[in-house]
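Undergrad: Give me coordinates for this.
(chains A and B)
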Number of protein chains: 2
Amino acid sequence: MHLDPQSFRDINPGSRVLMGPGPSDVPTRILQAMSAPCIGHLDPYFLSVMDETQKLLRSLYQTENELTIPVSGTGSAGMEACFVNLVEPGDEVVVCVNGVFGTRMSDIVGRLGAKLIRLDFEWGKAVDPEAVRNTIQGKTPKLVAVVHAETSTGVCTPLEDLSKIAHDAGALFLVDSVTSLGGMEVAVDAWGIDAAYSGTQKCLSCPPGLSPISLSPAALEALDSRKAPVVSWYLDMSMVRNYWGGDRKYHHTAPINMVYGLREALRIVAEEGLEARFARHRLNHLALVAGVEAMGLSMLVAEKERLPMLNTVCIPDGADDPKVRGALLRQFGIEVGGGLGDLAGKVWRVGLMGNASSKRNVCLFLASLETVLKGQGVKVASGALEAAAEVYASE
Amino acid sequence: MHLDPQSFRDINPGSRVLMGPGPSDVPTRILQAMSAPCIGHLDPYFLSVMDETQKLLRSLYQTENELTIPVSGTGSAGMEACFVNLVEPGDEVVVCVNGVFGTRMSDIVGRLGAKLIRLDFEWGKAVDPEAVRNTIQGKTPKLVAVVHAETSTGVCTPLEDLSKIAHDAGALFLVDSVTSLGGMEVAVDAWGIDAAYSGTQKCLSCPPGLSPISLSPAALEALDSRKAPVVSWYLDMSMVRNYWGGDRKYHHTAPINMVYGLREALRIVAEEGLEARFARHRLNHLALVAGVEAMGLSMLVAEKERLPMLNTVCIPDGADDPKVRGALLRQFGIEVGGGLGDLAGKVWRVGLMGNASSKRNVCLFLASLETVLKGQGVKVASGALEAAAEVYASE
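TA: Down below sits the predicted model:
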């Protein structure tokens, strides 16, 4: 058990170009905010930071929901928080699965002793609202859950029809917005979302560690009228809300410096403006796709179902997945993600999230990928950067 | 919902002297480490950071336990992680309660559908091993749980006898070391602790956000032989261990920059050395007590049951609790804690944790408290600093 303290060196990760499924590159402003002095979790200044963070978060989620706060854990803690507060043993819960994160939702629902109604869709395609409508006909689910932006496949599922179907069945509508929030619209109130959760390390470009959630008045009513206690003490929103709300009743110690960072990230979002931010994500996505297709590669997802912040590029014949990603990281410092589950070895997941959604990153990635593929003997066409430049010029 | 981004100013908490029940003052080295660039959670460099963090944590917990990792949440998440992984519905669980955090444990056990055997002890006194032995006679509890350092009262409960009693009954022994770890010995292996959890914001002087836990081989065996699934997906150690262990299988995104900070905090602990660190905590505690008693105030806890890092000072007659704490914060920048539960209005909780356990803080606190009390018309004797100086001189 003896240990030489001198054998541990100063932290020095070097720099990367984070173009995977998250985390994305964190702006210096956020890192600086996080390194401000830690103060008490009931200090008047920190209480004002909490208030401002909630205001900024409501603006981003486009909601008036009072309970709009960061859960003290990463995105998956937010997922668990939503289910654990709204689902009781025996409840019927519909989960739409078209990738890894829908699968994870199903796993959580099963652990809570609920009756899982799992609807599976092809990975790489959006959830089909008609299939959902048909399945829940005659049933009385407590909740219908869907992933807005499937990080494992790059697919966007539109939410408005599904929200109507859920509400028509008397169910709450729960949305995973981990990858969408901050990169495309997540209109909680206008779309009738009752519970949404997200992560900080995707399109907010903040380090991972917090999960912004928002619960509607209907969701809070479901929470207030529970028969069984919430199985998690840590995530029990009937107590957590008293700390973030008016009472300021101590529940658990908030991750002070992470909240500093999130507030700064949300301030950056507010300064850019939501429309401009979403347009930027869309433009860089279009330029990336143009470049990828100019190389002769293809996208996994059909054009109108593609996410702007997570691009799944099919691995071309003859390319060696780990070798290509390894070369991108070693030679060019670029991290992209591999495929998950059935898509392992079939796609690369190229993130353009938050701060990392930039013309610079699009061009660097296209040029690097072309160089790496050609260097490894994979035939690709030239002209990727020209195609991307054309997209930028057309705006 | 319109919001003016210019109305949010740069983060600027100012400086405090954090002498409450946590967080404690964070050294600049840790804040700097946390502001290093965020990289991917499967990046080879980050994997090496995880390995080093585990090594440093094992050394601090004085254990060979493989599963010694930071849980991705604050101290209460660590508490929940230990119970949720080891307790199944119907299990008999003994919880020793002598303050707020024992009460919290009982709350969690109840939510898990276990049979809670709650043993209450006077707040401000240690848990009595004989009472525990008598209660569990003839029972077959799965787990006996106790708080090592009760942050709500300032009481230390010795662990060795309780560990033996638990094991004699065939139970696992679970310990809350949130406030003790890093400020006094927590010898996991030597004392036969099967599950321990802690927080980063107490005697490690790192911002809150992670909870270091350690599970013994016997605890892992109990986890492996569960009949019911762990009710929490986020905290399910049968999966989390594959990410922190050899497989590196993705579970949830780790709070990268918080792990940088914890590693730096643990490096600082290793550089100081455990014995020197514990002796420093003890010396500053003795000096504080000498000063407080010289003023004519008294300590809540009997001498041999006092914690070195959390000092509960009885509020003297005539002193107005919120007014005194308010003046300490406003005039001298010092945060101390108020009493919780039955002790509200009766004690001040004065932390000397980690970086904040210093001669400077002891002297500043004693001088400030004397000034504030005299200023508010409370009679106190002079000579506090002289009494503290005498303790320092005797070392």
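Undergrad: Show me where the stretch 151-300 of chain A has its strands.
TA: Assignment of strands within the stretch 151-300 of chain A using DSSP state E, counting those that start in this stretch yields the ranges A:155-156, A:172-176, A:195-197, A:211-215.
Undergrad: if we look at the first one, which residues are touching it?
TA: Contacts to strand A:155-156, defined as C-beta atoms under 8 Å, 6 or more residues apart in numbering or on different chains, come from residues A:98-99, A:124-126, A:148-150, A:180, A:184, A:301, A:305-307. (C-beta placed from N, C-alpha, C; glycine too.)
Undergrad: Burial check on residue A:12, number of neighbours?
TA: Residue A:12 has 9 neighbours, counted by other C-beta atoms under 10 Å in any protein chain shown.
Undergrad: Residue A:358 now?
TA: Residue A:358 has 15 neighbouring residues, counting by other C-beta under 10 Å.
Undergrad: ok, back up a step: dump the strands of the stretch 151-300 of chain A into JSON lines; add mean pLDDT as well.
TA: Formatted as JSON lines, the strands of the stretch 151-300 of chain A follow (pLDDT from 0 to 100):
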{"stretch": "strand A:155-156", "mean pLDDT": "98"}
{"stretch": "strand A:172-176", "mean pLDDT": "98"}
{"stretch": "strand A:195-197", "mean pLDDT": "98"}
{"stretch": "strand A:211-215", "mean pLDDT": "98"}
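Undergrad: re the thing from before, could you flag which of the contacts of strand A:155-156 are buried?
TA: A:98-99, A:124-126, A:148-150, A:180, A:184, A:301, A:305-307 (16 or more other C-beta atoms under 10 Å in any protein chain shown).
Undergrad: distance between the longest helix along chain A and the chain's centre?
TA: For chain A, the longest helix by residue count, based on DSSP state H, is helix A:274-294. Relative to its parent chain, helix A:274-294 has a centroid offset of 18 Å by C-alpha atoms, centre = their mean, to the nearest Å.
Undergrad: Report the buried residues of it.
TA: Result for helix A:274-294 [16+ other C-beta under 10 Å]: buried residues A:274, A:277-278, A:280-292, A:294.
Undergrad: What of stretch A:46-60?
TA: In terms of neighbour count (16+ other C-beta under 10 Å), stretch A:46-60 has its buried residues at A:46, A:49, A:50, A:52, A:53, A:54, A:55, A:56, A:57, A:58, A:59, A:60.
Undergrad: Assign the fifth one to helix, strand or coil.
TA: Secondary structure of residue A:53, reduced to three states by DSSP: H, G, I helix; E, B strand; the rest coil: helix.
Undergrad: now residue A:313, what's its secondary structure?
TA: strand.
Undergrad: Where does the prediction get shaky in chain A?
TA: Low-confidence segments of chain A (pLDDT under 70): A:1.
Undergrad: what does the domain assignment say about it?
TA: A:36-271, A:274-394 (automatic domain parsing).
Undergrad: Adding distance to residue B:84 as columns, could you present the ones you listed in TSV?
TA: Shown next, in TSV, are the domains of chain A (distance: least, C-beta to C-beta, whole Å):
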stretch	distance to residue B:84
domain A:36-271	8
domain A:274-394	26
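Undergrad: and those domains, which is most packed in?
TA: Burial of these is given as mean neighbour count (mean count of other C-beta atoms under 10 Å in any protein chain shown); domain A:36-271 ranks first at a mean of 22.
Undergrad: gap between that one and the chain center?
TA: In terms of C-alpha atoms, centre = their mean, the centre of domain A:36-271 is set 11 Å apart from its chain centre.
Undergrad: that older thread, what's the closest of the contacts of strand A:155-156 to chain B?
TA: If you rank the contacts of strand A:155-156 by distance to chain B using C-beta to the nearest C-beta, residue A:99 comes first, at 14.0 Å.
Undergrad: Touching, that closest one and residue A:157? I think so.
TA: No. Counting by C-beta atoms under 8 Å, residue A:157 is not a contact partner of residue A:99; they are 9.8 Å apart.
Undergrad: Mind listing the shared neighbours of those two?
TA: Common contacts of residue A:99 and residue A:157 (C-beta under 8 Å, 6+ apart): A:147, A:150.
Undergrad: circling back: contacts with chain B among the buried residues of stretch A:46-60, please.
TA: Among these, the residues that sit close to chain B (C-beta under 8 Å from any C-beta of the partner chain) are A:46, A:49, A:52, A:55, A:56, A:58, A:59.
Undergrad: ok, now how distant is the spatially closest residue to the first one that is not a sequence neighbour from residue A:200?
TA: On the basis of C-beta to C-beta, 6 or more residues apart in numbering or on different chains, the spatially nearest residue to residue A:46 that is not a chain neighbour turns out to be residue A:39, at 5.5 Å. According to C-beta to C-beta, to the nearest Å, residue A:39 and residue A:200 sit 20 Å apart.
Undergrad: again, but for residue A:369
TA: Counting by C-beta to C-beta - residue A:369 and residue A:200 are separated by 28 Å.
Undergrad: interface residues of the stretch 51-200 of chain A facing chain B?
TA: With C-beta under 8 Å from any C-beta as the criterion, the stretch 51-200 of chain A comes near chain B at residues A:52, A:55-56, A:58-59, A:62-64, A:72-77, A:79-80, A:84, A:104, A:107-108, A:110-112, A:199.
Undergrad: what about 6 Å?
TA: By C-beta under 6 Å from any C-beta of the partner chain, the part of the stretch 51-200 of chain A that sits against chain B consists of A:52, A:59, A:72, A:73, A:74, A:76, A:77, A:80, A:107, A:108, A:111.
Undergrad: looking at it, the last one is touching residue B:232, isn't it?
TA: Translated: residue A:111. No. Using C-beta atoms under 6 Å as the test, residue A:111 is too far from residue B:232 to be in contact (7.3 Å).
Undergrad: joint contacts of the two?
TA: Taking C-beta atoms under 6 Å, 6 or more residues apart in numbering or on different chains as the criterion, residue A:111 and residue B:232 do not both touch any residue.
Undergrad: which residues in chain A form helices?
TA: Per DSSP H, chain A carries helices over the ranges A:28-34, A:44-61, A:75-86, A:100-111, A:129-136, A:160-168, A:217-224, A:237-244, A:256-272, A:274-294, A:321-332, A:359-375, A:384-394.
Undergrad: So for residue B:141, which of these sits nearest?
TA: Judged by C-beta to C-beta, the one of the helices of chain A that comes nearest to residue B:141 is helix A:100-111, at 24.2 Å.
Undergrad: what sits against residue A:348?
TA: Here residue A:348 is in contact with A:313, A:336 (criterion: C-beta under 6 Å, 6+ apart).
Undergrad: for residue A:25, that is, sorry about that
TA: A:18, A:355, A:356.
Undergrad: can you tell me which of the residues you listed lies nearest to chain B?
TA: Taking C-beta to the nearest C-beta as the measure, chain B lies nearest residue A:18 of the contacts of residue A:25, at 6.5 Å.
Undergrad: shouldn't that closest one be in contact with residue A:27?
TA: No. The pair residue A:18 / residue A:27 is not scored as a contact, 11.9 Å apart, by C-beta under 6 Å.
Undergrad: between those two, which one's more packed in?
TA: residue A:18 (28 against 17).
Undergrad: Show me what that one bridges to in the sheet.
TA: residue A:335 (DSSP bridges).
Undergrad: Could I get the contacting residues of it?
TA: Neighbours of residue A:18 in contact, by C-beta under 6 Å, 6+ apart: A:24, A:25, A:335, A:356.
Undergrad: Tell me the spacing between residue A:297 and chain B.
TA: Here residue A:297 is placed at a distance of 23 Å from chain B (C-beta to the nearest C-beta, to the nearest Å).
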